[in-house]
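A.B. asks: have a look at this prediction, sequence included:
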Amino acid sequence: MKKTSVKQKLSKLEDFQNPRIELEQYSTPPELAADIVYTCYMQGHKNVADLGTGTGILAIGASILGMNVTAVEIDAKALETARRNAEKAGADLDFVQKDVTTFEGVETDNGLGPSRNSDGFRRFDAVVMNPPFNIQSSEGLKFWRKAFEIGDNVYGLAGKGFGTRLKRLCEEHNHELIAREAYKIGLPASYEFHTEESRSTPVDLYITRRKK
Ligand code: SAH
């Protein structure tokens, strides 16, 4: 499947009904989401986890490209939307309602899922995520920590200026930063604390991998 077809499918998905600002619920724009999952696909990743799946856009994108996907989300309402979206897109994937900090991977029926590493975590070839950007709080950081634990490769979005912090986190978790790509995303009008101009927000996609 071509990247443009993935983008087209993702652009038809339902958005958050009543986004919860305290959970930083806003969805990744379809073009950026398609970019992220397509990069994973090109790298040959098979088992993928989406942390904080929201309406499921990243998880569904990875699934329709043939990856085996587990999507984790704390909010029941968002998960309902994600499930509807998956059905609409013809994507077959696993949804788990959990706080990402307590997520430790899943047992698969066929035994082909991620294997348990020495820390007891089930490893995924890749973690994709658009986590809360508020790095002053521990919210965003717990996503990154979890991603480094369970993912051999991590594709995560972050706000501007996260690079130094991220490099330190990488070192603590035996990962290395291999790429950073800059994007601009429009935040929805529901985020009233943003002014008109700042609705177009620069973000970075960081790609890391576990050191050998
Ligand atoms: N991945 C989606 C949504 C991004 S918004 C996308 O790319 O469009 C961040 C998501 O993380 C929200 O859906 C929010 O409900 C979820 N979230 C926030 N804190 C969480 C936590 N501790 N555990 C699991 N999910 C969480």
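C.D. replies: Arrived safely. Numbering: from 1, shown residues only.

A.B. asks: from Gly90, how far off is the residue minimising distance to the centre of the chain?
C.D. replies: The residue lying closest to the centre of the chain (CA atoms, centre = their mean) is Met129, at 1.6 Å. Noted for Met129: a distance of 23 Å to Gly90, by CB to CB, to the nearest Å. The C-beta positions use only the backbone N, C-alpha and C, and glycine is treated the same way.

A.B. asks: what segments of the chain are helices?
C.D. replies: Here the chain has its helices, by DSSP state H, at 3-10, 30-42, 57-64, 76-89, 138-150, 163-172.

A.B. asks: compare those and say which comes out lowest on pLDDT.
C.D. replies: When these are ranked by mean pLDDT, helix 138-150 comes last with a mean of 91.

A.B. asks: give the contact list for Glu73.
C.D. replies: By CB atoms under 8 Å, 6 or more residues apart in numbering, the contact set of Glu73 is Gly52, Thr53, Gly54, Leu79, Ala82, Phe95, Val96, Gln97, Lys98.

A.B. asks: mind checking which of those residues are in strands?
C.D. replies: Those of the contacts of Glu73 mapping onto strands are Phe95, Val96, Gln97, per DSSP state E.

A.B. asks: excluding chain neighbours, what is closest to the last one?
C.D. replies: Same thing as Gln97. Leu79 (5.6 Å; CB to CB, 6 or more residues apart in numbering).

A.B. asks: do I have it right that the one you found meets Asp94?
C.D. replies: No: with contact defined as CB atoms under 8 Å, Leu79 does not reach Asp94; the gap is 11.6 Å.

A.B. asks: who's more crowded, those two?
C.D. replies: The residue with more neighbours, out of Leu79 and Asp94, is Leu79; 20 against 16, by other CB atoms under 10 Å.

A.B. asks: tell me the contacts of the more buried one?
C.D. replies: Thr53, Glu73, Phe95, Gln97.

A.B. asks: contacts with the ligand among those residues, please.
C.D. replies: The residues of these that also fall near the ligand, by CB under 6 Å from any ligand atom, are Thr53, Glu73.

A.B. asks: can you pick the most crowded of the contacts of Leu79?
C.D. replies: Highest neighbour count within those: Thr53, with 30 neighbours (other CB under 10 Å).

A.B. asks: before we move on, the earlier item: got a markdown table for the contacts of Leu79, with pLDDT too?
C.D. replies: Below are those laid out as a markdown table (pLDDT from 0 to 100):
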| residue | pLDDT |
| --- | --- |
| Thr53 | 98 |
| Glu73 | 97 |
| Phe95 | 96 |
| Gln97 | 96 |
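
A.B. asks: separation between Arg83 and the ligand?
C.D. replies: Separation of Arg83 from the ligand (CB to the nearest ligand atom, to the nearest Å) stands at 13 Å.

A.B. asks: tell me which parts of this structure are close to the ligand?
C.D. replies: Counting by CB under 6 Å from any ligand atom, the residues of the chain near the ligand are 23-28, 52-55, 57-58, 72-75, 78, 99-100, 130, 132, 139.

A.B. asks: all set now, cheers.
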